[in-house]
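# Please find the sequence and the predicted model below.
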Protein chains: 2
Amino acid sequence: MRFARGWFVHAAVALCLVVCGTASAARTDPLPSWNEGRNKHAIIDFVGRVTKKGSPDFVPVDARVATFDNDGTLWAEQPMYFQLLFALERVKETARQHPEWKDKEPFSLLLKGDVKGALAGGEHAIGEIVMATHSGMTTDEFDQDVRQWIATARHPETKRKFTEMVYQPMLELLTYLRANGFKTYIVSGGGIDFMRPWAPAIYGIPPDQVVGSSGKLKYDMRDGKPVLIKLPELNFIDDKDGKPIGIQQHIGQHPIAAFGNSDGDQQMLEWATAGPGARFALIVHHDDAKREWAYDRQSHIGQLDKAWDEAVAKGWTVVSMKDDWKTIYPPQKK
Amino acid sequence: MRFARGWFVHAAVALCLVVCGTASAARTDPLPSWNEGRNKHAIIDFVGRVTKKGSPDFVPVDARVATFDNDGTLWAEQPMYFQLLFALERVKETARQHPEWKDKEPFSLLLKGDVKGALAGGEHAIGEIVMATHSGMTTDEFDQDVRQWIATARHPETKRKFTEMVYQPMLELLTYLRANGFKTYIVSGGGIDFMRPWAPAIYGIPPDQVVGSSGKLKYDMRDGKPVLIKLPELNFIDDKDGKPIGIQQHIGQHPIAAFGNSDGDQQMLEWATAGPGARFALIVHHDDAKREWAYDRQSHIGQLDKAWDEAVAKGWTVVSMKDDWKTIYPPQKK
């Protein structure tokens, strides 16, 4: 009885493996939104080499780590980071609890509707806005706030939901890599607590595979129940040099493939391509003013300058959104 | 052709699921090293309730998060934390590069062989020893050092390798939880970079599911190649209040089950049991002087005092190593 069942299991599993393998090979195009050409070929060639047993570039499954920037790489980032749009709305919503904001820039400007004036204060002003709107509550309360906003808020220009401004070709790339045994991670300068509520549903990336910037936390008791309070104090900036550091702290392995779009991703791409064996680095170039936005060396958001030079020098793949992508966003849900 | 293949795949997968499911149910005892009794029953009952579809306590797979302390919970921690034994050996090995240690306590005492005298300086002395031996090198160099030590070093009393001083009943528990869809994490006060090199092989836990204490890192270039340098500066202490914080930062989800052995785990167990639905907290009580060590309220290492009181008050499962475990360590490899 036991022997018979054991045999049956083995036969069924073997059958499944063989058949599934065949079916998978028969799938014609894993990246249907990518135009044929050198860049699409480079991706498929890399995945083929690291997954083919016996290939000199073969990489075992547990070392197939791929890291993706978020803003400008997986979803859009114009006219400003979407997280900043969330923060601006939080300022309006919570203004009543902050009478002191009336006389304090940049908040006073925001409350008068002068967003441009408020943001003219640059990184310092933005830091103040983000800190004020991302602290004081519990992690669970913040999670709920993000979920509510992301479910309803719409982009000022496209009028799409923000989760409908993810890049369809990159969604296909995530799926393709995972189908080939890769573990896919977000490694973003954006807030870790801002991305986690929706990353699983939108990208298929679980919360523990999201690496981002964060504030300090405090363990406390409220009405006899433990909570984590978000403090108005920086913990970690996951940008530039911070990306390899965030990767080490959270993932603890070297990526063998990394995907970005700006100078903030340069060190992550250097780190991913530094090791032995086959490595892959890709930069999304925003050159499609018609279907998305066109910006690079001179942009204040998602500046692509030094990383572009390094990409050319080192032979990293530079994707043209205009030429390489058949479509930008997924079909809109009604 | 396509239809036929599709049907074939579905049939094979369905067959496999049915048969594997049956085979799994037929497995008699998932925890063979646990004696029958209330505690073993509590574990199996909890897993049964959260995995049974239709049960009021059912928890979907992606929310089945279980966190484990390491020292004293998954492996032994006497006569001192194994990581400290590693650090003491590093002091000896690297003394030549540190002539200043000759006149500087606690290093001078260690170099004279007076370990007791050196550690009499308490947490401060231990902090200095760990910091000095865990910084200055690259993360890859440190990884290699740990791998080499763990492969060869032996415990001063049992003469076993340290990886042979993991608890067999807990290995079975890890496997049992994973077989039931749980994602298992280490959440330890120990060094994250110290545990990751061997946790995958020994516990079946990948590097990104290891949460621990850490030092700050610096991204740098050496001979044109990027490296991460371990700095002599604390980044995070993953103990007591730090455990729920480490869980939030790394995992981003509430655990529904947590396993510890000391007051350092109290907040993690509070955090895991705070949410709605079925939750599980377990404390390993070291009460087996004959097969392991016996220590609790008065111990300097792994003190179990306040957490024990809370466990009794809240009905957490307190495991007696003496009574609940048939065996302590796995069979020794020759």
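Cool, got the structure.

# show me where the stretch 201-334 of chain A has helices.
Taking DSSP state H, counting those that start in this stretch, the helices of the stretch 201-334 of chain A run over residues A:242-250, A:266-273, A:306-314, A:321-324.

# Select, out of these, the one closest to A:Arg160.
Closest to A:Arg160 of the helices of the stretch 201-334 of chain A is helix A:321-324 (C-beta to C-beta; 16.5 Å). No exception for glycine: its C-beta is placed from N, CA and C like everyone else's.

# which residues sit against the closest one?
Here helix A:321-324 makes contact (C-beta atoms under 8 Å, 6 or more residues apart in numbering or on different chains) with A:34-35, A:37, A:39-40, A:169, A:284-288, A:290-292, A:328.

# can you pull the buried residues of it?
Neighbour-count burial for helix A:321-324, counted by 16 or more other C-beta atoms under 10 Å in any protein chain shown, picks out A:Met321, A:Lys322, A:Asp324.

# quick one on the thing from earlier: what would the helices of the stretch 201-334 of chain A look like in CSV with mean pLDDT?
Below are the helices of the stretch 201-334 of chain A laid out as CSV (pLDDT from 0 to 100):
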stretch, mean pLDDT
helix A:242-250, 98
helix A:266-273, 98
helix A:306-314, 98
helix A:321-324, 98
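
# Make a markdown table from those and add distance to B:Gly252 to it.
Below are those laid out as a markdown table (distance: least, C-beta to C-beta, whole Å):
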| stretch | distance to B:Gly252 |
| --- | --- |
| helix A:242-250 | 10 |
| helix A:266-273 | 20 |
| helix A:306-314 | 28 |
| helix A:321-324 | 30 |
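
# Residue of the stretch 101-250 of chain A nearest chain B, please.
Relative to chain B, the nearest point of the stretch 101-250 of chain A is A:Pro207 (3.3 Å; C-beta to the nearest C-beta).

# Tell me where chain A is predicted with low confidence.
Within chain A, the stretches with pLDDT under 70 are A:1-27, A:334.

# For the residue sitting nearest the centre point of it, give its distance to A:Gly260.
Taking C-alpha atoms, centre = their mean as the criterion, A:Asn70 is the residue nearest the geometric centre of chain A, at 2.5 Å. Using C-beta to C-beta, to the nearest Å, we find A:Asn70 at a distance of 10 Å from A:Gly260.

# Likewise for A:Ala151?
The separation that A:Ala151 has from A:Gly260, given C-beta to C-beta, amounts to 28 Å.

# And the two? Which one has more around it.
Shown here are A:Ala151 and A:Gly260; by other C-beta atoms under 10 Å in any protein chain shown, A:Gly260 has more neighbours (31 against 12).

# Is it correct that the more buried one is in contact with A:Gln267?
No. With contact defined as C-beta atoms under 8 Å, A:Gly260 does not count as touching A:Gln267 (9.7 Å).

# Touching both of these two, which residues are there?
Common neighbours of A:Gly260 and A:Gln267, counting by C-beta under 8 Å, 6+ apart, are absent.

# one step back: contacting residues around the residue of the stretch 101-250 of chain A closest to chain B?
A:Arg196, A:Ala199, A:Pro200, B:Ile251, B:Gly252, B:Gln253.

# same deal with A:Phe194?
A:Gln83, A:Phe86, A:His134, A:Val146, A:Gly212.

# Adding neighbour count, write the residues you listed out as CSV.
Listed next are the contacts of A:Phe194 as CSV, based on neighbours: other C-beta atoms under 10 Å in any protein chain shown:
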residue, neighbour count
A:Gln83, 24
A:Phe86, 20
A:His134, 24
A:Val146, 21
A:Gly212, 26
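
# how far away is A:Gln332 from A:Thr163?
From A:Gln332 over to A:Thr163 the distance is 11 Å, taken as C-beta to C-beta.

# higher neighbour count, those two?
Shown here are A:Gln332 and A:Thr163; by other C-beta under 10 Å, A:Thr163 has more neighbours (18 against 11).

# Am I right that that one sits in a helix?
Yes. Read with DSSP: H, G, I helix; E, B strand; the rest coil, A:Thr163 is one of the residues of a helix.

# The spatially closest residue to it that is not a sequence neighbour and A:Ile186, how far apart?
Distances taken as C-beta to C-beta, 6 or more residues apart in numbering or on different chains put A:Ile202 closest to A:Thr163, at 5.0 Å, once the chain neighbours are dropped. Distance of A:Ile202 to A:Ile186, given as C-beta to C-beta: 11 Å.

# could you pull out the strands for the stretch 51-200 of chain A?
Along the stretch 51-200 of chain A, the stretches classed as strands by DSSP state E, counting those that start in this stretch are A:65-68, A:183-191.

# Would you mind finding the most buried of these?
Most buried of the strands of the stretch 51-200 of chain A by mean neighbour count (mean count of other C-beta atoms under 10 Å in any protein chain shown) is strand A:65-68; its value is a mean of 26.

# Neighbouring strands - and their directions - for that strand?
strand A:183-191 (parallel), strand A:257-260 (parallel) (DSSP bridges).

# burial of A:Tyr167, as a residue count?
By other C-beta under 10 Å, 22 other residues sit near A:Tyr167.
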